[in-house]
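*Asks:* Predicted coordinates and the sequence they were generated for:
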Amino acid sequence: MGFPGTWMTESESVVYRVVPKCACSTIGQIMFYSDHGRFFDGDIHDSKSGLHKWSQDDSQPLIERNVLSHKSYAFTCVRNPYTRVLSSFFDKICGIQRNGRRYRGNLVPLLIQKYGIEVGGEDGKQEFDQIKSFRRFLLFTRDTIRWRRPMEPDIHWSAMAGHVSTFIVNGGRYDNIFWTEKFNDGMQSVLDAIETPNTVDLANIPRFNESEGHGPKRAHPVEDYFDDLSMHLVKEIYHRDFELFKYDFDNPGNKMPIGEIDLDEVHAKLGE
């Protein structure tokens with residue numbers, strides 16, 4: 001199994017478990033900059049050198065050796081489940097991807113046909129009932145996660161606990177898990193704990209939101225997308241995310257955490 005979704009600086013200053021839709025583009029660029037004194041030219045997910053990734057065969061033994069010996073500081077970053085699944089819908093389902101095509105080819109036509117979802121036309125820019133379509137997308141999300149039909153769950157909307165857990169189950173241990181909603185504080189706490197070849201001044205780091213502009217703008221406040229049934233589905237899918245990462249299930253309009261993450265609890269519950 002190893003450590004899928006794990007990135008490490010070439011200097012081995014720090015190890016990061018990627019959680020999709022949780023500031024991973026910005027974090028990856030910060031890691032790249034901390035080693036090389038410059039940002040990767042393009043989407044950091046496309047880099048093939050300059051940053052060790054589990055998806056690169058040459059990196060795997062280095063990452064595995066580091067993580068199993070806990071040689072370097074290890075961290076990840078999480079996000080409110082309500083805003084994360086909403087972001088996935090607008091970016092991946094409604095949006096045109098950076099290759100100029102729809103995400104995963106036939107996925108959107110399948111959703112239009114089987115779930116009656118609208119996505120804003122060919123270019124994702126036309127008016128449509130965002131709330132109705134999003135709630136239908138939630139049904140699809142639940143079906144993929146609960147029954148793996150009509151397809152396997154996608155990394156962008158599968159639960160964060162699942163991503164975070166593989167690192168633990170296979171022998172890793174986190175030193176820090178912080179919230180996207182308090183990004184600067186969290187990322188600074190990582191930088192304060194490690195030594196990097198190049199100093200990173202967070203105040204001057206741009207945000208690399210690679211999904212920005214892919215899809216239509218959200219037309220309503222977050223809470224308007226979630227009625228009682230939607231909240232029930234969200235709880236079914238993401239109950240561990242709310243519990244472990246201390247988000248407010250009862251109020252979709254409150255994106256901020258309501259408690260402190262207990263690393264021992266995370267390791268105990270996700271390491272089983």
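*Replies:* Received it, and whenever you're ready, just let me know what you need.
*Asks:* Only C-alpha atoms from now on, for both contacts and neighbour counts.
*Replies:* OK.
*Asks:* how much space is there between residue 267 and residue 17?
*Replies:* Distance, residue 267 to residue 17, using C-alpha to C-alpha, to the nearest Å: 14 Å.
*Asks:* Sorry, wrong one. I was asking about residue 38.
*Replies:* With C-alpha to C-alpha as the criterion, residue 38 and residue 17 are 22 Å apart.
*Asks:* cool, residue 199 as well?
*Replies:* 22 Å.
*Asks:* The residue minimising distance to the centre of the chain: what's its closest spatial neighbour, skipping adjacent residues?
*Replies:* By C-alpha atoms, centre = their mean, the chain has its centre lying nearest to residue 20, at 2.2 Å. Nearest in space to residue 20, with sequence neighbours left out and distances taken as C-alpha to C-alpha, 6 or more residues apart in numbering, is residue 156 at 5.3 Å.
*Asks:* ok, so what distance separates the one you found from residue 37?
*Replies:* Distance of residue 156 to residue 37, given as C-alpha to C-alpha: 30 Å.
*Asks:* mind listing what's buried in the helix or strand of the chain with the lowest mean pLDDT?
*Replies:* In the chain, the helix or strand scored least confidently by mean pLDDT, DSSP states H and E is helix 107-115, which has a mean of 92. Of all the residues in helix 107-115, those buried under the rule 16 or more other C-alpha atoms under 10 Å are 108, 109, 111.
*Asks:* ok, the last one touching residue 104?
*Replies:* If I follow you right, that is residue 111. No. Using C-alpha atoms under 8 Å, residue 111 is not in contact with residue 104; the gap is 11.7 Å.
*Asks:* quick one on the thing from earlier: more neighbours: which of residue 156 and residue 37?
*Replies:* It is residue 156, of residue 156 and residue 37, that has more neighbours when counted by other C-alpha atoms under 10 Å, with 18 against 14.
*Asks:* Tell me which of residue 267 and residue 17 has more neighbours.
*Replies:* Taking other C-alpha under 10 Å, residue 267 and residue 17 do not tie; residue 17 has more neighbours (25 against 19).
*Asks:* now the strand or helix carrying residue 141, how far from the chain's geometric center?
*Replies:* For residue 141, the element it lies in under DSSP states H and E is helix 130-147. Per C-alpha atoms, centre = their mean, to the nearest Å, the displacement of helix 130-147 from the mean C-alpha position of its chain is 18 Å.
*Asks:* What is that helix packed up against?
*Replies:* helix 107-115, helix 228-245 (3 or more C-alpha pairs under 8 Å, 6 or more residues apart in numbering; DSSP states H and E).
*Asks:* right, and those - which one's nearest residue 220?
*Replies:* helix 228-245 (15.5 Å; C-alpha to C-alpha).
*Asks:* quick one: buried residues of the closest one?
*Replies:* Going by neighbour count (16+ other C-alpha under 10 Å), the buried part of helix 228-245 is 230-231, 233-235, 237-242, 244-245.
*Asks:* Next secondary structure after the longest strand along the chain?
*Replies:* When the chain is parsed with DSSP state E, its longest strand is strand 73-78. Downstream of strand 73-78, the first helix or strand assigned by DSSP H and E is helix 81-88.
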